[in-house]
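S.K.: Would you be able to build a 3D model of this:
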Amino acid sequence: MVTWSDAPSVEERISAKARARPPSTHSTRGTRVSDNDATHLPLAPPPLPSPPRAPPPQIADVASASYIAPRRLAPALTRAAKHPPASFARRLLLGARSRKPLDVLALWYAALALVACAALFTGGAFLPSGRGDASSNARQSAERGGDAAAVGGADGARASTSIVSPSPSPSASPSPSPPAVRAPRARGGGFFSRTKSKSKSKSRAAARDDDDDDDDDDDGAVYRSWGEAARRAKRGVGEVVDDARDEDAPASFALLVIAYDRPKYLARALESLRDDVLLLEDVAVYVSQDGFDRNVAAVATDFAAAFRAPATRGYAHWQRDRHARDAKPQPAHAHLAQHYKWAIDRVFEEGRGHTHVIVVEDDMVFSADFVHLFTSAAGLLAEDPTLWCVSSWNDNGARGHGEDPRALFRTSFFPGLGWMMRRELWEELSPKWPRRHWDHWMRLDATRASRDCVAPVVNRNFNIGEVGANMKRAEYAKYIERMSFYAGKELVDFGDLGYLKRERYAKFARAAFESAIEWDWKRTRLDAFAASHDRAGTAARPILAVYKEEEYERLAEEVDAWPFPRAHHERAGFLDVKNLSVILADARHCPYLPLSLRVWPSDTLTPVVAMRAQSCDVACRAAGRKCSADDFPYVNTCEALAKRFDCENGCSMEHGEDVPNYGVDERLETFGQCLVTEKGSTCAGAHEGTRRLCPCA
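M.R.: Okay, here's the model as predicted:
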């Protein structure tokens, strides 16, 4: 269990843009890089800079805490004296990163005393020249260049990380980067317009002048960045934590990049992490490569210097021996699923002490607040057992569908494409991880177990991969290329995220349904209905569109949504479309619909198991009944199949007219699996290698 603390807000932190980013100085192009040669996460903090010559620097130069009165140093010196030498040395290394000024000063005073004693015996010969000179430090900071702005002369180069609050102004994205989102609508309407939560705490400037143990106490404090909590904890950068769930253990985030054979994509993804993402120092970065492609290995190695501490909490490049799990060749999505398991197992099982993993792929670019989104929402996963992941992707996040970058929502449909989970969840999933189509498996009700993910209305990553294991170029152009992307350079203040907890979110959903006006979308176009909506003076009320699964693709075209139901909470999708708040509700499964609008199974519905290669028309006729196509959604579940088949190789999702079914042909990849589908089934469908489950009435 991870201890919660009120970590200081992000606007108190040193900008990630001010950190040094050493350029890559070596390459292994043309050289095979094995796992043993990889750059691994450091198990100790970076070397301590050599102390300066006399006269010693001022307290403000050492700890930036000149406001502390000398009489307050005694307790801190007493605490420092209690530490054994090894512990003292480690704390000394961390002094510059500590958030407790008294400990910082005590440790550095003790260090300077040791330096002075050593100088008396050696004549100061061991001291290098010029290391402690403030002007020298300023010159070194200036030479780093980049985005840091000079502040205060001898104080060196610094930059400020700003917070979007309350109304962000995203900057335009340079070509060919993903499109920027527009500013939120002035009227503040729609489902996904967020207002800044009122703070009950004193100003942050005043809080900085308070005692070292005083924290802000505003509504959203518990959801602030865990990276800062880790920094306040008394642990080293990259230090292995024996038990990350120990009560005293801080959160430890891993950012895992899944790669295979696309070096150009990987280079762009790593460039985006290095150049665009703020607060990257809160995570350890791992590049996991499936196979030994030399060009991919060279890219991963070239970025090693840029991602080493303190730019991150550590960096490593891994390579997996890519081979078919079975003797026969397997498709790309099977290799991908097996690589995912191998890499995530390695993140969590090799003593690295990570509590969370953020998983991305090599064909993504990232927003400035990408890491901030995950660390801000991490607390929800610990506090609400009905949440199991945080994602940076909104499947219905096309441009124009909600434009407030602060807004988050719950989705029962697993989004993928940049997502985070806790270590405890992986311990549940790893033993039963599928051998193929891992993302489809994550979307099964049997896997999800009634849990939701948190996702942003405006996407925090943009997929640049036009072709991939699960992507075709035409599909990319139609659905992915036009997605929204937060291109602002500021960190968004997400505020109090308590509204995403299940009870409060369900209350919001029920209120939206109760106030909604039903839209007969099969007869009236959205624009025409919106006009009558305005004339009737009901424009402030949501619009409710009720659908059945087999009708959804037509409705999706009308509201410009994904062609299958996605980004929904309990089969209710909330969209802001053309300045209208639209609810898309599944007539069969949405619990928020009034009973009068629900569609129920046939009174005489009886699931019937068909013979091998038999259609449901034939199977139902043999049982003295008729196949009821409208009832397929009620038998299209893993639970319904498991009651009638062994499903010894699990349950998975496939597309096919003969689904739901059970694989009985050993030559099939789906042998021994129960299959469900998100597309419509037919009564006439049949396959020689399966046995169907049929809705007969």
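S.K.: Look at R274 and tell me its secondary structure.
M.R.: helix (DSSP: H, G, I helix; E, B strand; the rest coil).
S.K.: The residue lying closest to it once chain neighbours are set aside sits in which helix or strand?
M.R.: Closest residue to R274 apart from its sequence neighbours, by CB to CB, 6 or more residues apart in numbering: A306 at 5.0 Å. Any C-beta I mention is one placed from the backbone N, CA and C, and that applies to glycine too. With elements taken from DSSP states H and E, the one containing A306 is helix 304-307.
S.K.: mind exporting that helix as PDB, just the C-alpha atoms?
M.R.: Output of helix 304-307 as PDB, limited to C-alpha atoms (Å, rounded to 0.1, in the frame of the first residue of the first chain):
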ATOM      1  CA  ALA A 304      20.400   6.900 -23.700                       C
ATOM      2  CA  ALA A 305      22.300  10.000 -22.700                       C
ATOM      3  CA  ALA A 306      19.300  12.200 -23.000                       C
ATOM      4  CA  PHE A 307      17.200  10.000 -20.700                       C
END
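S.K.: Who are the packing partners of the helix or strand just after it?
M.R.: Using DSSP H and E, the helix or strand that follows helix 304-307 towards the C-terminus is strand 315-320. Under the contact definition 3 or more CB pairs under 8 Å, 6 or more residues apart in numbering; DSSP states H and E, strand 315-320 sits against strand 283-290, helix 294-302, helix 304-307, helix 332-349.
S.K.: Which one, of the ones you listed, ends up nearest to G379?
M.R.: strand 283-290 (16.3 Å; CB to CB).
S.K.: so the residue nearest to R274 touches E271, yeah?
M.R.: No: checked against CB atoms under 8 Å, the pair A306 and E271 is beyond contact range at 9.2 Å.
S.K.: And those two? Which one has more around it.
M.R.: A count of neighbours by other CB atoms under 10 Å puts A306 above the other of A306 and E271, at 21 against 14.
S.K.: Could you point out the bridge partners of L580 in the sheet?
M.R.: V577 (DSSP bridges).
S.K.: what's near enough to touch L408?
M.R.: By CB atoms under 8 Å, 6 or more residues apart in numbering, the contact set of L408 is 377, 454-457, 494, 497, 500.
S.K.: could you check the distance from it over to G314?
M.R.: Note on L408: its distance to G314, by CB to CB, to the nearest Å, is 29 Å.
S.K.: and what of V618?
M.R.: As defined by CB to CB, V618 lies at a distance of 61 Å from G314.
S.K.: what about those two, which has more around it?
M.R.: Remark: of V618 and G314, G314 carries more neighbours, 22 against 18, as counted by other CB under 10 Å.
S.K.: wait, the more buried one sits on D282?
M.R.: No: G314 is beyond contact range of D282, at 11.6 Å (criterion: CB under 8 Å).
S.K.: The nearest residue to E654 once chain neighbours are set aside: neighbour count?
M.R.: Computed as CB to CB, 6+ apart, the closest residue to E654 that is not its neighbour in sequence is L675, at 4.6 Å. When counting by other CB under 10 Å, one arrives at 25 neighbours for L675.
S.K.: Can you name every helix or strand that the strand or helix carrying L675 contacts?
M.R.: If you go by DSSP H and E, L675 is part of strand 674-676. If contacts are counted by 3+ CB pairs under 8 Å, 6+ apart, strand 674-676 sits against helix 638-642, strand 651-653, strand 661-663.
S.K.: Point out the most buried one among these.
M.R.: With neighbours taken as mean count of other CB atoms under 10 Å, the helices and strands packed on strand 674-676 reach their highest mean count in strand 661-663, at a mean of 26.
S.K.: What average pLDDT does that strand get?
M.R.: Strand 661-663 shows an average pLDDT of 97 in the prediction.
S.K.: Can I get stretch 404-416 in PDB? Just the C-alpha atoms.
M.R.: What follows is stretch 404-416, C-alpha atoms only, in PDB (Å, rounded to 0.1, in the frame of the first residue of the first chain):
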ATOM      1  CA  ASP A 404     -11.700  21.800 -22.600                       C
ATOM      2  CA  PRO A 405      -8.200  20.200 -21.900                       C
ATOM      3  CA  ARG A 406      -9.000  20.000 -18.200                       C
ATOM      4  CA  ALA A 407     -11.900  17.700 -18.600                       C
ATOM      5  CA  LEU A 408     -11.600  13.900 -17.800                       C
ATOM      6  CA  PHE A 409     -14.300  11.200 -18.000                       C
ATOM      7  CA  ARG A 410     -14.900   7.600 -17.100                       C
ATOM      8  CA  THR A 411     -15.000   4.900 -19.800                       C
ATOM      9  CA  SER A 412     -16.000   1.300 -19.500                       C
ATOM     10  CA  PHE A 413     -14.400   0.600 -22.900                       C
ATOM     11  CA  PHE A 414     -10.600   0.100 -22.500                       C
ATOM     12  CA  PRO A 415      -9.000   2.900 -24.600                       C
ATOM     13  CA  GLY A 416      -5.400   1.700 -24.800                       C
END
